[in-house]
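*Asks:* what follows is a predicted structure for the sequence shown.
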Amino acid sequence: MITAPFTYQRASSVDEALGLAAAGGEDAKYLAGGHSLLPLMKLRLAVPETLIDIGRLSELSYITDEGSHIAVGALTSHGDLARSGLLGSELPLLAHAAGQVGDPQVRHRGTIGGSLAHADPAADLPAVVLALGATLVVQGPAGSREIAAADFFRDLFETALAPGELLTEIRIRKPEAAGWSFQKFSKRGIDWAIVGVAVQGGSIAMVNMGSTPVRATAAEQALASGASPGDAAAHAAHGTSAPEDLNGSRGYREHLARVLVGRALEQARSRS
Amino acid sequence: MSILGTRVLRTEDPRLLTAGGVYVDDVSAPELAAAARVTFVRSPVAHALIKGIDTDAARAAPGVVAVLTAADLDDLPPPPEDSGLTGTEGAPLPLGGPWAEPLFAVDRVRFVGEPVALVLTDDRYQGEDAAELVSVDYEPLPAVIGPDAAIAGASLLFPAAGTNVAVTSGAPADPAAFEGCDVVVERTIENQRLAPVPMEGRAAAAAWTGGRLTVWSSTQNAQIARFILAGALGLDPANIRVIAPDVGGGFGAKIGVDRDALLVAWAAKHTGTAVRWAETRSENLLAMTHGRAQRQAVRIGGSRDGHILAYRLDIIQDTGAYPRMGGFLPFLTSLMAAGPYDFGKVETGYRVVVTNTAPISAYRGAGRPEATAAVERAVDLFAAAIGMDPAEVRRINLVPPDKFPHTTPCGATYDTGEYVAALDKVLAGAGYQELRAEQARRRERGDVRQLGLGLASYVEITAADAAGGETARLDVHDDGTVTVYTGSSAHGQGHHTAWAMLVQAELGIDMDKVAVIHGDTDLIPLGTGTYASRSLQLGGVAVQRAAVEVKEQGRKLAATLLEASEDDLELDLDRGVWQVRGDPEAAATWARVAGQAGAAGLTASVNYTEGQPTFPFGTHLAVTEVDTETGKVTLVRHLTVDDAGTVLNPVLAEGQRHGGIAQGVAQALLEEMVYDPDGNPVTGTLVDYAIITAAELPAFELLQSETPATINPLGAKGIGEAGTIGATPATQNSVIDAVSHLGVRHIDMPATPERVWAAINEARESR
Amino acid sequence: MRVTVTVNGSPVTADVADRTLLVHFLRDVAGLTATNVGCDTSSCGACTVLLDGLSAKSCTVLAAQADGSEVVTVEGLARGDGALHPVQRAFRAEHGLQCGFCTPGMVMASVSLLAENPAPTEAEVRAGLEGNLCRCTGYHNIVRAVLAAASERQSS
């Protein structure tokens, strides 16, 4: 219920945050909304010695139309994403998925950057940015770099972020294909997805079908070759290693993947 | 017009909605000003010998006042003699002898979460840090999980007992019982382990001053708690005061006090330091008692025309690591096994086994939901086997209204009932035929989303321990206000409102002049508290009787005051004024009358022990949609008749029904306390233990039915647990009904999406 | 570290351990015990308060994160003259509480829900309260209360 002791530091700029992280070393973690990190710390499953609060960096909370792409600041809350008129018209997949994260209180505090950096394969937004082919902009001691979403999620709770690097922006090209769908399957509205599917055009990414969000590449290929949504969906689980847990065996998850990809593709088609 | 039976908003609410309730962790008392914080050290393993405990590092941690283990329990009375209980007595008492449960684990731990030590720290935050530093050397033993492993007995929790089977009861099956049945169906059903999850976990605070122990406890029974504390700590009850402040839910799991709270009280006495404790939710899921956990073998037989001739229920009750309730829960299940039906023969038998899991105790319904769940599944299985609509099978077998009081083969005598009317009311309210037609259309089309209709007809026993009685004292003060001291102990039920209504109805004193006090043994030394849905029919009757006695005293006092004869006096209930008939000037307020009473005051005390158990009943209908591709279940409608006799306040009764329905549905669809084969809890937080939320429930449709009890002047039976009892099997039956056309005959609870999907697949493959 | 949080309109300043949760700051430092702790996994919502106008689970916010922010708890909801907030009134009128433990958080979550969605449907209310667990009421009357409060404000 109570975290292990730690030192709290507050950054008032990105540069200050980077400096504090460099000084803090391995046992320092950024704190954004805290709704992925603090629950782990309260159960003492994570015991960072230093927390660098970046929650005041309001300059990292924005959603802007950059012409060919939409730029989303890493500290934009899920609630702001869900309510954004700009996203509603340009990237409804992201807006809709953000509106399904957790519950209203979580959405007020949790941020897209925090969710992506936490890299829980059962979370909704990592699969969404994967489906959207997003580019993640990262600031570090050595400067700024861009990482494709496909390269960002390495393993369970592991990303391509180097120590001290800070995710600052998510860039998403405006999709050519308008059809989209987000299928989140869970027992209760507040649960993590047992399996989830994010579709934008012919791009299909899945939640909780592996140790990272994964593209349903076999299904995508089938679709691109002219298969119907139902036939393409039959390949949804191909190449995946779905987890086995209280909420689903691997076999059940593979079945759900097929069903949900089929439904997502149908719904995306009806929207295009 | 009497206020009784009308909708009255709660007097409890203004305070709860503005300042908030004062629960144990909120209590601010001078004795607790410098209280230390208790944090327990709990076993992380399910079954192990304790080889040693090293507390050095913990003692040196910041803020640590003391670290206490079993070795420090040197100031307790010797344990009581083995009570010799076999567990078949039908009493909610723990087994003694080799099954005795210690306070701290001594040489062996038997469940994950069992308390092994505690640390006292200056503040809460230091407590978790220090507890982590207590090092316990465990030598693991094979864990016993599930009834099969328990019965096999390869590993014993209590070697001195020589077995894991703590209680055995019931005659062997009569081979002739099912003779003459055209159709006999058998099934083994799991009534799964649940966690009560009151929103407030367990909490206690204690102070030892001047040879007196004061304990604040989140309890449903302050007086029972005091009794248990006295015995465990070797104190005269007169030297113990137990206070139940606001209690954030109990559901049976906060009856009396348990070993953790006893240790808190003992720590205060042992160290001389006041202490406070409030468990975390994780601790609550591990170490508060769990509920249900019965494996049920049902056998039901009858003729093709729908008459059920015989029913047998064999129960294996998993009681967790310690048999805290003997055989009480399956005893109640057996008592109510026949349900609301007039079967020819009903046989029951039960065994209670220990396993390396949290101990099992009462949880909303306590043995009766299990009875209803078993017979309602059995009736539906029989209906499916003979191809008859389950509503029809019920109608044929329900005890008809002219056969009351009705004694069942299980030994229960049901007082009053209108079982068929309850069924018909729910069917009509739901538009049952239209729903069946919609179901047929969807089946015809092969829709992905199929419709299920599930029924449960039930009868349940409330105030099973009516003989224990309930108390009330009523004082009328010389300012015209009233104080009621009740032995009942509300933790959400609204007794303060209900008892004030009774006073207003009897004495004409306005409700807002009536204060109700409960839960303080200094003020109310004798009382039972609230469980078993007993409080209105016992505690409320006690309040009414006290009011009647006070009225008669008042009549005499008024007669003296007004120099009139008692026969000429009337109590004007609208104005709360004693009136001489025919002389409007000759009147006396209650204030004046009370002022006449002299030093003893105007007061009456009642210990009402003439109550008897009563038998509320009803029917639930659950309408579910099942997505046959994913197995996901959505509860679309839930209709009920819950007839608990004359309703005192429909607002309160409806609230109890709503809450019970939600918990009942949750058992059918979502909740299960799961342990892995090594005895590690898999559902140890509210992330995994799936409490139902508003988003998974519809608005409920409550239909009215009041068949008065005849045994008490309020006509009241108990409503608190009825909703849970009916809702679970109705919902379970509904899910199975939704996919019965695919060949599914049974799905164990909770009907998770994967379970439903697997059942559909299995049925498909076996065709 | 030194933290100042404006609680129900009044600043509360204290030196607290860095790891102090906002809920404990409110309960133990500000002495406002209506907000309750019901779980340890941010699941139950009993600790819900308004943080800079938006509902938040105060057990999942460090007091340090709320330094300089404004918090409203149920104790601060009634008007200065004691008149109840429409949501408080509606909870009473509809019997939307029993034991009361989840109630402060439920009320604050409801206030926030209606601020963002003044005319919700029943389904929107149910979804909007999915972060608040109640074991006593079955939610039936809580949902009625929120809808009643919404229509009272719509008509006034």
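*Replies:* Yep, that arrived.

*Asks:* when you work out contacts or count neighbours from here on, use the C-alpha atoms and nothing else.
*Replies:* Fine.

*Asks:* give me the pLDDT value at residue 18.
*Replies:* Went with chain A since none was named. Looking at residue A:18, its pLDDT is 97.

*Asks:* sorry, I should have been clearer: chain C.
*Replies:* 98.

*Asks:* how many neighbours does it have?
*Replies:* Per other Cα atoms under 10 Å in any protein chain shown, the neighbour tally for residue C:18 reads 20.

*Asks:* again, but for residue C:16
*Replies:* Around residue C:16 there are 15 residues (other Cα under 10 Å).

*Asks:* and it, what does it touch?
*Replies:* C:1, C:2, C:3 (Cα atoms under 8 Å, 6 or more residues apart in numbering or on different chains).

*Asks:* for residue B:102, give me its contacts.
*Replies:* residue B:259.

*Asks:* for my notes, confirm it occurs in a helix.
*Replies:* No: looking at residue B:102 with DSSP: H, G, I helix; E, B strand; the rest coil, it is coil, so not inside a helix.

*Asks:* what's the pLDDT at the residue in the stretch 101-250 of chain B that chain A sits nearest to?
*Replies:* Residue of the stretch 101-250 of chain B nearest chain A, by Cα to the nearest Cα: residue B:125 (6.4 Å). Looking at residue B:125, its pLDDT stands at 97.

*Asks:* and it, how many neighbours?
*Replies:* 20.

*Asks:* where does it sit, in terms of helix or strand?
*Replies:* helix B:124-132 (DSSP states H and E).

*Asks:* and the contacts of whatever helix or strand comes next after that helix?
*Replies:* Next helix or strand after helix B:124-132 toward the C-terminus (DSSP H and E): strand B:135-140. With contact meaning Cα under 8 Å, 6+ apart, strand B:135-140 is reached by B:45, B:47, B:48, B:49, B:50, B:51, B:52, B:53, B:54, B:55.

*Asks:* kindly state the beta-bridge partners for the fourth one.
*Replies:* The residues paired with residue B:49 through beta bridges, assigned by DSSP bridges, are residue B:108, residue B:139.

*Asks:* identify the residues contacting it.
*Replies:* Contacts of residue B:49 by Cα under 8 Å, 6+ apart are B:107, B:108, B:109, B:138, B:139, B:140, B:141.

*Asks:* would you mind checking the residues you listed for buried ones?
*Replies:* With burial judged by 16 or more other Cα atoms under 10 Å in any protein chain shown, the buried subset of these is B:108, B:109, B:138, B:141.

*Asks:* what about the helices in the chain?
*Replies:* Defaulting to chain A. A:14-24, A:37-42, A:78-83, A:85-90, A:92-98, A:104-109, A:112-118, A:124-131, A:149-152, A:217-224, A:229-233, A:250-271 (DSSP state H).

*Asks:* ah, no, chain C please
*Replies:* Using DSSP H, helices in chain C cover C:22-24, C:86-93, C:103-116, C:122-128, C:140-155.

*Asks:* what about residue B:575, how many residues nearby?
*Replies:* Residue B:575 has 12 nearby residues by other Cα under 10 Å.

*Asks:* test my guess that it contacts residue B:505.
*Replies:* No: using Cα atoms under 8 Å as the test, residue B:575 is too far from residue B:505 to be in contact (11.4 Å).

*Asks:* which bits of the stretch 101-250 of chain A sit near chain B?
*Replies:* A:187, A:188, A:189, A:191, A:246, A:247, A:248 (Cα under 8 Å from any Cα of the partner chain).
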